[in-house]
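Student: Fold the following.
(one chain, ligands or ions: 1)
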Amino acid sequence: MTLTLLGAGSEATEDTTSEVRVGTISLPGQRDPGDSKPHLETAASLTKNTRVVGTTEQTTQPDSPSSSASVAPSPAAAATLKQPSVEPTDLVEEHITIAPGDTMARVFSRRDLSASTLHRIMSQGDPVARLARLRVGEDIVLSRTQDGQFHAIEFEGDESHHVRVVNDAENGTLVLDRIEHAIEARPVSAHGVIRDSLYLAAQEAGLSDGLTLKLAGIFGWDIDFVLDIRAGDRFTVIYEQIYRNGEYLRDGEILAARFINRDRELDAVRFAVGDNEYDYFSPDGRNMRKAFIRTPVDFRRISSQFNPNRLHPVLKTRRPHRGVDYAANTGTPIQATGDGRIKLAGTHGGYGRTVVIEHAGRYETLYAHMSRIASGIRVGTRVRQGQTIGYVGMTGLASGPHLHYEFRVDGVHKNPLTVDLPAAPPLAEAQLAAFDTATRDVLGQLDILHLGQEMQWRLAEQTRQRSSSMGTSPP
Ligand SMILES: [Zn+2]
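Tutor: Numbers count the residues shown, from 1 in each chain. Predicted structure coming up:
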């Protein structure tokens, strides 16, 4: 891979590759329909209540029937009203962090709480189902009365709900309370310039591994992130960060992204094609997805590329090379680039251990020099795109571990890097108006962000060239 555009260690490079956060971008209409509506005041006050058991204030008339579960008056408050004997100071609150091997049954029995109490809690239905599969490190809050009787249990039911089950001793019932957290998706942006790999550039731009994979997933139909990528390629991403009650929780989805690969400029924007079903489209409504992904190996595992015009390392002759080679460590998983059926799985002359997949219509892909064919991969087996079919090796005529990959259309070899691939259907004419409306803002933001980055990048480039032509290093 050439590293001529951006020399390592130059200050200009540092500037252009540094993470750029523009803070919150205002993008109306980008919230997932699946997201909970924020109920800021309610959730905040209720959440606060749950943290301080027994000090809640009465929020409804004492005689009002408890109607809505999610916004019901705090049962703790209700209990206080109905049972003056249970004052806050009468409750013992214990914060328990789930340790390896912990089950709720064990947590309860260790505290001499009966199995039947736990059973009654667990029979509260879906909201408490989480209790049965708590993970190590999760927290629950258990409150008991001074004489050791169960009073309440609290935990995070899911990302957007705090769940509390309170014993109403007077009525002999359990009261289930679900408190909705304020979940908010804030758009933020990042920008990166590639010096040697997308993976490193994304890290420098502050993108998590998960987001980097998502970015590669969006453009992986058009760009081979091993062989297509060049120093100076760059990207701008607008993605969501999910906040819960005002605190960062996790990264969300990529809303829009631009990738400059050599002279190609590719844009992608997220759009709902159904209920909770999203796809990425180019601004003119073409689906980014294609029948094949470009790279048959995880781009993060590849360090360098082979020279396709090399002398054959074993035969020492210049052979027509009808595929592309990916140098990778022995054992690196190889994935099917498209759905299909195994046509060949076995040793095949100079190809060594080889798998050939027959795809719908006119396509065939070939993967050679494997150290091992994945278990279950036999002639006739159906495979899915992305499924591991084998592992990189150097069987057959190979001087070092690598994957040799071929792509054939109607039996004719094509360059896998440049072959035109069949795409998923574009948006229907009738959807285009809605698509334009839904994506206009975020695509506008992408343009603005990108322009700013390009100006910085060009300035940095000029500075670099000027200083190198004067034979001095940048100040
Ligand atoms: Zn090869």
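
Student: near the ion, which residues of this structure show up?
Tutor: Contacts of the chain with the ion, taken as C-beta under 5 Å from the ion, map to Asp325, His404. From N, CA and C alone the C-beta is placed, and that goes for glycine too.

Student: And the next helix or strand past the helix or strand hosting Ile334?
Tutor: For Ile334, the host element (DSSP states H and E) is strand 333-335. Using DSSP H and E, the helix or strand that directly follows strand 333-335 along the chain is strand 340-347.

Student: Can you give the contact residues for that following strand?
Tutor: 353-360, 363-365, 373, 377-383, 389, 395-396 (C-beta atoms under 8 Å, 6 or more residues apart in numbering).

Student: mind listing which of those residues are in strands?
Tutor: Counting by DSSP state E, these place 353-358, 363-365, 373, 382-383, 389 in strands.

Student: So which of those is surrounded by the most neighbours?
Tutor: Val355 (27 neighbours; other C-beta atoms under 10 Å).

Student: How about the contacts made by that one?
Tutor: By C-beta under 8 Å, 6+ apart, Val355 lies in contact with Ile334, Ile342, Leu344, Ala345, Leu366, Tyr367, Met370, Ile373, Ile377, Ile389, Gly390.

Student: need the ones in strands among the contacts of strand 340-347 in TSV with distance to His181 and pLDDT, can you?
Tutor: Below are the ones in strands among the contacts of strand 340-347 laid out as TSV (distance: C-beta to C-beta, whole Å; pLDDT from 0 to 100):
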residue	distance to His181	pLDDT
Arg353	52	97
Thr354	53	97
Val355	48	98
Val356	51	97
Ile357	46	97
Glu358	50	95
Tyr363	47	94
Glu364	51	95
Thr365	46	96
Ile373	48	97
Arg382	42	96
Val383	41	96
Ile389	43	97
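
Student: okay, among the residues you listed, which ones form the most distant pair?
Tutor: For those, the farthest-apart pair by C-beta to C-beta is Arg353 and Tyr363; their separation is 21.6 Å.

Student: which residues does Thr395 contact?
Tutor: Thr347, Gly352, Arg353, His369, Met370, Ser371.

Student: hang on, I meant Leu211
Tutor: Going by C-beta under 8 Å, 6+ apart, Leu211 touches Ala202, Val237, Tyr239, Asp251, Ile254.

Student: Kindly indicate whether the closest residue to the ion within the stretch 101-250 of the chain is helix, strand or coil.
Tutor: Nearest to the ion in the stretch 101-250 of the chain, going by C-beta to the ion, is Leu227, at a distance of 12.0 Å. Under DSSP: H, G, I helix; E, B strand; the rest coil, Leu227 falls in the coil class.

Student: which residues pair with the closest residue to the ion within the stretch 351-475 of the chain across the strands?
Tutor: Nearest to the ion in the stretch 351-475 of the chain, going by C-beta to the ion, is His404, at a distance of 3.3 Å. For His404, the beta-bridge partners are Asp325, Ala368 (DSSP bridges).

Student: Pretty sure it sits against Ala368.
Tutor: Yes - if you go by C-beta atoms under 8 Å, His404 and Ala368 touch, sitting 4.1 Å apart.

Student: Tell me which of the two has more neighbours.
Tutor: For His404 versus Ala368, neighbours defined as other C-beta under 10 Å are more numerous around Ala368 (27 against 24).

Student: Can you report phi and psi for Ile96?
Tutor: Torsion angles at Ile96 (phi, psi; degrees, to the nearest 10) stand at phi -120, psi 130.

Student: residues contacting it?
Tutor: By C-beta under 8 Å, 6+ apart, the contact set of Ile96 is Val107, Asp139, Ile140, Val141, Leu142.

Student: now, which of those lie within helices?
Tutor: The members of the contacts of Ile96 that map onto helices under DSSP state H are Val107.

Student: Can you lay out the contacts of Ile96 as a markdown table showing pLDDT and distance to Pro426?
Tutor: Output for the contacts of Ile96, formatted as a markdown table (pLDDT from 0 to 100; distance: C-beta to C-beta, whole Å):
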| residue | pLDDT | distance to Pro426 |
| --- | --- | --- |
| Val107 | 91 | 54 |
| Asp139 | 92 | 48 |
| Ile140 | 94 | 49 |
| Val141 | 95 | 52 |
| Leu142 | 95 | 55 |
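
Student: ok, back up a step: quick check: strands, which of the contacts of Leu211 are part of them?
Tutor: Val237, Tyr239, Asp251, Ile254.

Student: Quick check: nearest residue in space to the first one, chain neighbours excluded?
Tutor: Nearest residue to Val237 in three dimensions, chain neighbours excluded: Ala257, at 4.6 Å (C-beta to C-beta, 6 or more residues apart in numbering).

Student: and if you look at the second one?
Tutor: Using C-beta to C-beta, 6+ apart and skipping the chain neighbours, the partner closest in space to Tyr239 is Ile254 (4.6 Å).

Student: State the distance from the one you found to Tyr248.
Tutor: Per C-beta to C-beta, to the nearest Å, Ile254 is found 17 Å from Tyr248.

Student: In terms of packing, which of those two has more residues around it?
Tutor: Each of Ile254 and Tyr248 has its neighbours counted (other C-beta under 10 Å); Ile254 has more, 21 against 10.

Student: what's the neighbour count on the closest residue to the ion within the stretch 201-350 of the chain?
Tutor: Nearest to the ion in the stretch 201-350 of the chain, going by C-beta to the ion, is Asp325, at a distance of 4.1 Å. Number of residues near Asp325 (other C-beta under 10 Å) recorded here: 20.

Student: No further questions, thank you.
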